[in-house]
Structures are given as C-alpha cells and as structure tokens.
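J.: Turn this into a model:
(4 chains)
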Number of protein chains: 2
Amino acid sequence: MTASSPVRPRAGRKPPAERGEELRAAAREIARRDGLVAVTLRSVAERVGVTRTLVVHYEPNMEALVAATFRTIAEDELAEMRAETDAEATATDALRVLTRALLDTGRDEVTAMWAEVFVLSRRNDALQGAVRDLMDQWQEFVVSLIERGMRAGEFHTDDAHSVAWQYLGMIDGINSHALVNYGAAMERGRLVCHAMEHELGLAPGSLR
Amino acid sequence: MTASSPVRPRAGRKPPAERGEELRAAAREIARRDGLVAVTLRSVAERVGVTRTLVVHYEPNMEALVAATFRTIAEDELAEMRAETDAEATATDALRVLTRALLDTGRDEVTAMWAEVFVLSRRNDALQGAVRDLMDQWQEFVVSLIERGMRAGEFHTDDAHSVAWQYLGMIDGINSHALVNYGAAMERGRLVCHAMEHELGLAPGSLR
DNA sequence: AAAGTTATTGACTTCAAGGTCAATATAGCA
DNA sequence: TGCTATATTGACCTTGAAGTCAATAACTTT
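T.: Take a look at the predicted model:
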C-alpha cells in the first residue's frame, strides 16, 4: 500500500459563472435532501468534487449562501404555484388546486425546510431577511388570488390580508405536524377547506 | 498581572439529586431563552457554575438531556392547559379558553421550541420519541375535550381525532408564522375559531 | 479520628464547523 | 508561442461542540 492514492484528481478549470452555478445547485440539492443545516463548506465542496477553499472563493459567506439557497428553492416553488393557479378558469378552482398542491405529501422536503428556516433565522440575519421576503411574496400571492375571486363575485370577505395570512399559517402547521405524525398524513386539510369555504362565503364542499 | 485569578471558586459539593435537578433546571432555562440548540455541555456548566465535566457526570448523553428538557417543558405546559380547561364549566368555555391561551403572544418561546423540535428530531432519535409522545398527549387531550363537549350535547362531529389533530396543526402554524411576521401577530386565530365552530356545529361567535 | 465513597475538577482527545494566505497550474489572450 | 490573469489547491488557524480518564477534595460512615 505504498502508492494507494486516495487523492481526488484536480478539478478542471471552469468559467466562474458556470462553477458558481454548479456550487449553488449543489447547495440546493443538499438542502433538499438533508436540510439547510447540512449546507456547509465541506458538504458542498465534497458534492461538487472540489476543495473547500474553492467554495470559499465563490461564496465568501456561508450564511449568505444558506439564505440564497433557501430563497431560490422557495421562489421556484412559488413560481410553480403561480403557474398552476393562473391556468385555472375560476378563482375557486385555483384555490382548490393550490390547497391540494400545498397539502400534497410530496412537498415534505419543502415543508421541512420552512420549519428549519423559522429556527435558523434566529441566528442568521440574511436568512431572516429572505424569510420575510418570501412570506411577503406568498402573502401577496394569496391575497391577489382572493381578490381575483372577489372581483369575479366568487369570494366574499372584508379582510383578505388576514384570511390569506392565516390560510398559509394553517397549512404550514398541518404539514409540519404531518412530518412527524405519519399516520395522520392522509387526512390533512379537511379543516382548512371548511374554514376557507366559510371565510370566503363559498358553498360547503366547493374546495374538495 | 501576575496573579489575576479569573478562576472560578470550586463548586460546593451537593447531593446528587439536588445537583441533578439544578442542571436540568438550567438546561430548561437555556432552552427557553435561546432554544434547544443552545443547550450544550458548556452552556449548562457555565450557567450553573461548574465544570463541563460535572455535567457529563450527571448527564452522560447530551441528546438525552435535550430530549428530556423538551419533554419537561412541554409536559409542564400541557398540565397547565389541562388545569385551565378543567376549571371551565362547559366544554365550549374550555375550548374558548384553550384557544385563547394557545394563541397568546406570551407563548412565543414555547412555539419557537416546537418549531425547533421538528427540525432537530430529524437528527436526534431520543428527541423524536419525545416529540411523538407529546404530540400524542396533546392529541389525546384535545380529543377528550371534544368528547366531553359531545357528551354534553355541545359539540357534534363524526371524527374527533381528525378535528383535534388539525386544530393543533393550525394553531402551531399560525403561531410559527407570527414569530416572524410581527405585524400580523395581533390578529391570530380568527380562522381557527371559525373553523372549529363550523366543524363542531357551534353557533358563529361561540369561541370569541 | 480515620477510612472510604463519590462529587468535582483539570488536562487531554477528537471532530467538524468557518475562514485565511500564499503557492500552483491552466485557459484564454497577445 | 509565450504571458498573464485567475481558477484551484494545500497547509494552517480558530472556535466550539462531545466526551474520556485519572487525580483531588469533601462529605459520611464506622
């Protein structure tokens, strides 16, 4: 075992834009799989197959990378939801589709990340900023959906903001609990639908 | 500055039970103030004024201490809620009081701890067990409250378990969001009340 | 009062985190 | 073809986490 070389071959030189994107993509994959806490200099470097130092070269601040990673993942998901709801003919249909999508079991990784973010942002200012931003964007998204329904005469409420905010909170909480409570994961969302139907003056069952 | 002694005086010898409780109490205080992640050998030792080694002597496993800390805090709170609701004359009153208490702003530290726990339990088996236990106990508590109301003819539902589970999820989520969204913290809970009134066949406004 | 049990401590180890700094190798340009 | 800017690396530092182990000091018991 004289020359057993466990050495990694030198990473090929790449244009900064490409390498940078490669590193950020790796950070996102790690965050999706093992959570934002797992996004470290070492883990990102190892995944890409470069030295820690190179990661520092591109991302001189880990807190910032974590925040950016969260931001991108969350913004991507929001864009997806926008696209899906925009495609629906009525606001009621859109809200039904949105609720169904948000309560879907396959979204567990994102749910876990949001739970993580509430904790981590206590100690990471950049992340806290990103969280606020994303919460605002989500809030605005749901408000505009409600307003769309009001303009069309489908929904009726006098406080779209409050309804939107609590809607998002309820969904987040139920999903978080389902993360631990495997058994109950199937039946998530009945109360949310009833609550929204009631709150927006919809006929019972409209959202199912 | 030859003899500037920053040395801590030797801690007085105490009976194991007392010292043990002292350490666990310190862990709880730290958890309440700075979160469960802040409960470390060092922080507990420093707070009590003893060496790290002594903490190890009493708590040979940090994961276990963190789990026990969470368990005690959460069980204390549950006991408090039990006492408060038991004191109410009707189940409707009890539910109103419970909801109000759970949505109270002063409960933010506990909310933060629960959010933390969902994240940490991914990497701490003992903690995961404690979380499951406590969720079960809460679930059972709310279910029995609902059943009390059904026996008295106040509530009507065909799935107390599902209603209880989602009730807790909603409250948790709304509180978590309020942790970040200072502005909206005042108006938490309208939807939850409406949802529960609707779900349990109560007259609108019964829970306000 | 002496002995023995054990609460308490200090020195040390291991591991993983973020980060610095100077050296090296390589791709693209002159 | 050779130069040069810079992408990439290796060696090193600091901090804070958990944990081990033998030594010391303080009660309790005989």
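
J.: Next up, the contacts around the residue nearest the centre of chain A.
T.: Per C-alpha atoms, centre = their mean, the C-alpha nearest to the average position across chain A is that of A:Ala74, at 3.5 Å. The neighbourhood of A:Ala74, defined by C-beta atoms under 8 Å, 6 or more residues apart in numbering or on different chains, consists of A:Val110, A:Met113, A:Trp114, A:Ala130, A:Leu134. To be clear about C-beta, it is placed using only N, CA and C from the backbone, and glycine gets the same treatment.

J.: For it, give its distance to A:Val110.
T.: Relative to A:Val110, A:Ala74 is positioned 8 Å away (C-beta to C-beta, to the nearest Å).

J.: And A:Val66, by the same measure?
T.: Per C-beta to C-beta, A:Val66 is found 16 Å from A:Val110.

J.: what does A:Leu202 give?
T.: Applying C-beta to C-beta to A:Leu202 and A:Val110 gives a distance of 27 Å.

J.: Over to A:Ala11?
T.: Applying C-beta to C-beta, the value for A:Ala11 to A:Val110 is 31 Å.

J.: more neighbours, those two?
T.: Between A:Ala11 and A:Val110, counted using other C-beta atoms under 10 Å in any protein chain shown, the more crowded position is A:Val110 (17 against 13).

J.: What number of residues are in the vicinity of the closest residue to A:Arg100 other than its chain neighbours?
T.: Leaving aside its chain neighbours, A:Arg100 sits nearest to A:Gly189 (7.9 Å; criterion: C-beta to C-beta, 6 or more residues apart in numbering or on different chains). The criterion is other C-beta under 10 Å. On that basis, A:Gly189 has 22 neighbouring residues.

J.: What separation do you get for the residue nearest to the centre of chain A and A:Phe141?
T.: Taken as C-beta to C-beta, the span from A:Ala74 to A:Phe141 is 12 Å.

J.: what do you get for A:Asp104?
T.: Distance of A:Asp104 to A:Phe141, given as C-beta to C-beta: 17 Å.

J.: Kindly report the same for A:Cys193.
T.: From A:Cys193 across to A:Phe141, the span is 19 Å (C-beta to C-beta).

J.: which bits of chain A sit near DNA strand D?
T.: A:7-8, A:10-16, A:19, A:50-51, A:53-54, A:57 (C-beta under 7 Å from any atom of the strand).

J.: Spell out which residues sit in contact with the residue nearest to A:Trp114 when sequence neighbours are not counted, please.
T.: Of all residues not flanking A:Trp114 in the chain, A:Asp172 sits nearest, at 6.2 Å (C-beta to C-beta, 6+ apart). Listed by C-beta under 8 Å, 6+ apart, the contact set of A:Asp172 reads A:Thr111, A:Trp114, B:Gly173, B:Ser176, B:His177.

J.: With A:Leu65 instead?
T.: With the criterion set at C-beta under 8 Å, 6+ apart, A:Leu65 makes contact with A:Arg24, A:Ala27, A:Val39, A:Val44, A:Glu59.
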